[in-house]
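Engineer: Make a model of this:
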Amino acid sequence: MKYVFSALIFLVSWALSPASGTDDWPTKGWRKATPESMGIDEAMLSAFDADLASGKYPLVDSMTVIRCGEVVYQRKYSHDYGKVFAKEAHEKGPLNAHLAGPYNYFDPAWPPYYHGTDEHSMQSVSKSVTSATLGIAITRKDFKGSLETPVLKYFNNSTVKNLDERKRRMTIRDVLTMSTGLDWNEDVAYNDPKNAASLMEATDDWVQFVIDLPMAHDPGTVFAYSSGATELLAYIFQKDTGQDIEEYAKNTCSHRLALNITTGNLLQKDCQIRRAGFSYGRKTWQKLDICISTTECGAASRSYRQTG
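Structural biologist: Numbers count the residues shown, from 1 in each chain. Model prediction:
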């Protein structure tokens, strides 16, 4: 699910050539440079920093600018979320159908910082980690299914609602690329009662909610950002491998990427997510001793859709 707050901004600028210097990144920390040395206007960054600090763009927690693998600008902004959402945290609504637990998005014990630590909840970033975990499992041959396997192979079809030929044609690839064809609308605000992700989170069985939806398009034809697709992917992973995808990620990559996966949430310090994102963007997972082929890395990240 996309985070309800403008929670964490990372401005990342890539060079066309690899970063220079010794191979001391990302496992041994980050090199630092001045904006000027990297051809970046520091005055522009300072002006944006002032806007964030003043609250012009509310509830931003941090900003980091990276150029050629070097940190050139970094700021943090403090907010008292207990006060900001003192009322909303105790009133049920689309963003907190369950007042107790991690899916009350106004409870400061959960998002944005986990129980008062500096570990920040990662909403949409978790989708990339889930897709990458599938790629790792395919590379290691722990996941036996093909990306062309029909999704309904993993369900008891007699319990699936709105079953038609289009839904029968939906494949794992369609789920991975968020082109399931399901009638899913996550483009409206998350506090809108019509938002599909909020409707899903209000139910007791998220996977069943998603697979029961009627089809709106042929699978594989229309990209639609979908938290529900990620739930389907995790369910399929468990059915195929017999392992929970959260536990699998913990055992295969979380410690190397410094990910904290707990209670179904992905938590990261801002310095940690830089490392994961930079490795993914440059296909340098081998530096972190993570086994994922460039083919599967691409399959996990490419939308395949001109509309995506």
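
Engineer: Next SSE downstream of the helix or strand residue 174 falls within?
Structural biologist: In this assignment (DSSP states H and E), residue 174 forms part of helix 172-176. Later in the chain than helix 172-176, the nearest helix or strand by DSSP H and E is helix 196-201.

Engineer: can you pull the buried residues of that next one?
Structural biologist: If you call a residue buried by 16 or more other C-beta atoms under 10 Å, then helix 196-201 has these buried ones: 196, 197, 198, 199, 200, 201. In short, each C-beta sits where N, CA and C put it, glycine included.

Engineer: on that earlier part again, what about the helix holding residue 174, average pLDDT?
Structural biologist: Throughout helix 172-176, pLDDT has a mean value of 95.

Engineer: Can you tell me what sits against it?
Structural biologist: 131, 134, 145-149, 151, 180-181, 219-220, 229, 232-233, 236, 299-300, 304 (C-beta atoms under 8 Å, 6 or more residues apart in numbering).

Engineer: ok now it, how far from the chain's centre?
Structural biologist: Chain-centre distance of helix 172-176: 16 Å, with C-alpha atoms, centre = their mean, to the nearest Å.

Engineer: same deal with stretch 133-152?
Structural biologist: For stretch 133-152, the separation from the chain centroid amounts to 19 Å (computed by C-alpha atoms, centre = their mean).

Engineer: in that stretch, what's buried?
Structural biologist: For stretch 133-152, burial by neighbour count (16+ other C-beta under 10 Å) applies to 133-139, 142-143, 145, 147, 150-152.

Engineer: Count residues in the vicinity of the residue nearest to residue 197 when sequence neighbours are not counted, would you?
Structural biologist: Leaving aside its chain neighbours, residue 197 sits nearest to residue 227 (4.2 Å; criterion: C-beta to C-beta, 6 or more residues apart in numbering). The tally of other residues near residue 227 (other C-beta atoms under 10 Å) stands at 24.

Engineer: for the one 10 residues further on, same thing?
Structural biologist: By the criterion of other C-beta under 10 Å, residue 237 has 25 neighbours.
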